[in-house]
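Undergrad: I need the structure of the sequence given here:
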Amino acid sequence: MSSRVSRLRLTYELWSQYGTANLTYRALHEVLRRSGWLHRRFPAVRWVDRPPETYCSAGVPVSSAEYHAFRERSPARFFFNQGSLPVLPHDWAGDAVARGDEILAGRPRLAGHRTAELGFPFDWFAHPLTPGRRDHRVHWCELDGFGPDQGDIRLLWEAGRFGWVFSLARAYAATHRGSYAAAFWTLLESWRAANPPNLGPHWQDGQECALRLLALCFAFYAFWGDRSSTPERIGMLAQTVALHAERIEGNLGFARTQMGNHAVSEAAALYTTGALFPEFARARIWRRKGLRVLDDEARLHNGRDGSYVQHSMNYHRLMLQDYLWVLRLAELNGDRLRPVTVEKIDRATRFLYLLQDDRTGRVPNYGPNDGSLVLPLNGCDFSDYRPVVGATHFQIHREKVYEPGPWDEDVLWLFGPAAGGPRLSPPRECARFDQGGYYTLRGRDTWGMVRCHTFRTRPNQADLLHLDLWWRGLNVLRDSGSYLYNAPGPWRDWFTSTAAHNTVQVAGQDQMIKVRRFSWAYLAPAAVRAVRCVGPDGFDYFEGQHGGYRRLPGRIIHRRAVTRIGEASWLIVDDLLGRGRESIRVFWQVIDSPWTTQSNRVMFETVEGTVELTFLTRTKGAVLRVARGVEGESPMGWESRRYGERTPAPAVCLELASTPLPQRIISLITLGRAVAAEFGPSADVVRWSEGPGNPIEVTLGPPGQDDSLILREIRAHNRRWLPESFPE
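TA: Residues are numbered from 1 along each chain as shown. Purely as a prediction, here's the structure:
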């Protein structure tokens, strides 16, 4: 725990973020764990100790052959009929086979991108990044997932999620080779032998059990008709599903205290088990409970504006894929979620669409990105969000969003080859999500996202007023990513710090104080002062502020204005309002491209052209620094685009040491050209030119005037614009 935060303050912060009910439940859960009750509630047993009659309803045949015949007559409906897989077009089949062959070679993909040498069958307890193996003989409730020198458990869990099932199913659909189905059964048998119920890390987390359960159900239908899918193996798989559902149901309350996608995944798994295995004694209970919890989680944690409680694009996608799975399965089996839930999922889909890059399908690498992907049913890159947006929109509206491409494969698997409907591509425009605190400014070739949010639930990083900037498909200014949950040394806190984002650091401090791995104190109040959007041919404007540095002696407010001027210029004005003197650093995390510096300018040569960053300040002594891949106690110049991956990328920092307040620093970003920006006749005017006959002049108000905006006037493109004339 940080020495800067008292226990009383920490208690208050946890109460304000989690609430009395959740904290009380978690405290009780800890008492039950320490007393041994949780161990007795989930006893460690052998698979043989749980024969079918312990989880099936009376009258259900329990011999392998009879159960197999019984299942062939089951009224349960899946996305496709048992053993009847969709036909993959030739363009998709090659990727499907390549990924399936990786599994046969013992090299599954982890966290959406990394292949690991796990052998075949996999070594379920070998960590991909660190030496040594996890102890699999300990009851799951006695394990510490984040102990020192254990490595990051998220990567250990990855193979045990069974996400590789979808790769084998795609390869099997493309070729009908029995080797892919046989590989699934070999791996399932290997996993069961190494993981008796409730022993070891693969039983430790309910969400891991839930995602594995969903994959097992997919395999149950995908490989049904293969000769390797013997009646004995079918019965074994059904038993595995039942024991997973029991594990999930028994601790679902704890998942709900985490206020995020854990409960959504676990409820989706419960509903799936109840819908697809009506012969289980608790099937009706699981079915109803799953839908009820999913409705409740959407009510509590999905915003009216489409934003999600966890402040993460990847977690937002995970949540959407869980709901997509259940919406489609419920539709097929005569169930439904509440209309208000469906409406919220529709808005959550629109949220991702409006935060998506037109050319690449990518979104900002914002918030924790642990590589989670519930439905890897296509050959798209992990960072491409078109599959989930397209499939969820189709589920709700029966319309397709994008032009044809590999992202359509999800629709093929979930809805069949006859899935049709109109193709509608609504324009991406400026968007404001006030409840979630996301704001976009958008031209035709360039767009940006600004974060301005007063956190009511736990934040993930100290990044208020961060600007993510895109140009012609390039993420020019970017979030540094999240790297690992259990990273060693300075990396544990650096990727979540203010210095790792495109914002301003004061006195070497973060905007909020990190006190535990997933807990923060002194949550900063923020306010949006203006959002004005004219459209791609005009000028967009955002202004906001936060009070994260009011805890410092100078009671400092950070106020930022972001202006998009046409297609080639972005002007960012940072005002630090307060008293006394403080050190100020403005950070920009930049695309990894060659760069040169000239006085107050840095020029980056990208594949699309020059990106220039110019700083302007009236204060003398400003120091400009560009760094790439600096390690040590104060890292700089790193990014993590995928979980567990850390690569050098340039970062720019302008520092003013012990400067008087209030203070103003201007950053001008120009795209596709190099320009010379300067102050005009007064400190309130900034001038530059995008080319002959195309001068731009911006008039700013003095810093610190609470009753007016920073921007006063723009003269550009033979037009004069005033903030009050911008449409709201």
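
Undergrad: CA atoms for contacts and neighbours, from now on please.
TA: OK.

Undergrad: ok, then the element right after the longest helix anywhere in the chain?
TA: In the chain, taking DSSP state H as the definition, the longest helix is helix 7-35. The helix or strand immediately downstream of helix 7-35 is helix 37-41, counting by DSSP states H and E.

Undergrad: List the buried residues of that next one.
TA: 38-39 (16 or more other CA atoms under 10 Å).

Undergrad: could you give me the average pLDDT of that helix?
TA: For helix 37-41, mean pLDDT rounds to 88.

Undergrad: And for stretch 494-510?
TA: 95.

Undergrad: Distance from the chain centre to it, please.
TA: 20 Å (CA atoms, centre = their mean, to the nearest Å).

Undergrad: In which helix or strand does the residue nearest the centre of the chain reside?
TA: Central residue of the chain (CA atoms, centre = their mean): Asn314, 1.6 Å from the mean position. Using DSSP H and E, Asn314 falls within helix 313-332.

Undergrad: Dump that helix to CSV, restricted to CA.
TA: Taking C-alpha atoms only, helix 313-332 is exported to CSV below (Å, rounded to 0.1, in the frame of the first residue of the first chain):
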residue,chain,number,x,y,z
MET,A,313,-12.1,-1.1,-25.1
ASN,A,314,-11.1,-4.7,-24.8
TYR,A,315,-13.4,-5.4,-21.8
HIS,A,316,-16.2,-3.6,-23.7
ARG,A,317,-15.7,-6.1,-26.6
LEU,A,318,-15.6,-9.1,-24.2
MET,A,319,-18.9,-7.9,-22.6
LEU,A,320,-20.5,-7.5,-26.1
GLN,A,321,-19.4,-10.9,-27.2
ASP,A,322,-20.9,-12.5,-24.1
TYR,A,323,-24.2,-10.7,-24.8
LEU,A,324,-24.1,-11.5,-28.5
TRP,A,325,-23.7,-15.2,-27.7
VAL,A,326,-26.7,-15.2,-25.3
LEU,A,327,-28.9,-13.0,-27.5
ARG,A,328,-28.5,-15.4,-30.4
LEU,A,329,-28.8,-18.6,-28.3
ALA,A,330,-31.9,-17.2,-26.5
GLU,A,331,-33.5,-16.4,-29.8
LEU,A,332,-33.0,-19.9,-31.0
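
Undergrad: And it, what's buried?
TA: Those would be 313-330, for helix 313-332 by 16+ other CA under 10 Å.

Undergrad: which residues sit against it?
TA: 77-79, 261, 264-265, 268, 271-272, 275, 308, 310, 336-337, 345, 348-349, 352, 363-375, 385, 388, 391-392, 395, 414 (CA atoms under 8 Å, 6 or more residues apart in numbering).

Undergrad: One more pass at 7 Å, please.
TA: Contact partners of helix 313-332, identified using CA atoms under 7 Å, 6 or more residues apart in numbering, comprise 77-79, 261, 264-265, 268, 308, 336, 365-369, 372-375, 388, 392, 395.

Undergrad: Domain ranges for this protein, per the record?
TA: In the domain annotation for the chain, the residue ranges read 78-250, 261-285+297-428, 431-678 (automatic domain parsing).

Undergrad: From one end of the second one to the other, what's the distance?
TA: If I follow you right, that is domain 261-285+297-428. Using CA to CA, to the nearest Å, one end of domain 261-285+297-428 lies 27 Å from the other.

Undergrad: for the first one, same thing?
TA: Domain 78-250 has an end-to-end distance of 26 Å (CA to CA).

Undergrad: and what of stretch 140-155?
TA: End-to-end distance (CA to CA), stretch 140-155: 17 Å.

Undergrad: so for it, what's the average pLDDT?
TA: Here the average pLDDT along stretch 140-155 is 75.

Undergrad: Wait, Arg601 touches Val611, no?
TA: No - shown here, Arg601 and Val611 do not form a contact pair, counting by CA atoms under 7 Å, at 10.5 Å.

Undergrad: what about the two, which has more around it?
TA: Counted by other CA atoms under 10 Å, Arg601 and Val611 do not tie: Val611 has more neighbours, with 24 against 20.

Undergrad: What pairs with whichever helix or strand that one is part of, parallel or antiparallel?
TA: Here Val611, judged by DSSP H and E, is contained in strand 609-616. Here strand 609-616 is paired, per DSSP bridges, with strand 601-606 (antiparallel), strand 663-671 (antiparallel).

Undergrad: Out of these, which is closest to Arg50?
TA: Judged by CA to CA, the one of the strands paired with strand 609-616 that comes nearest to Arg50 is strand 601-606, at 60.2 Å.

Undergrad: Now that closest one - C-alpha only, CSV.
TA: Output in CSV follows, covering the C-alpha atoms of strand 601-606 (Å, rounded to 0.1, in the frame of the first residue of the first chain):
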residue,chain,number,x,y,z
ARG,A,601,9.7,20.9,-33.2
VAL,A,602,9.7,17.1,-33.7
MET,A,603,9.1,15.7,-37.1
PHE,A,604,8.0,12.0,-37.6
GLU,A,605,8.2,10.3,-41.0
THR,A,606,5.3,7.9,-41.3
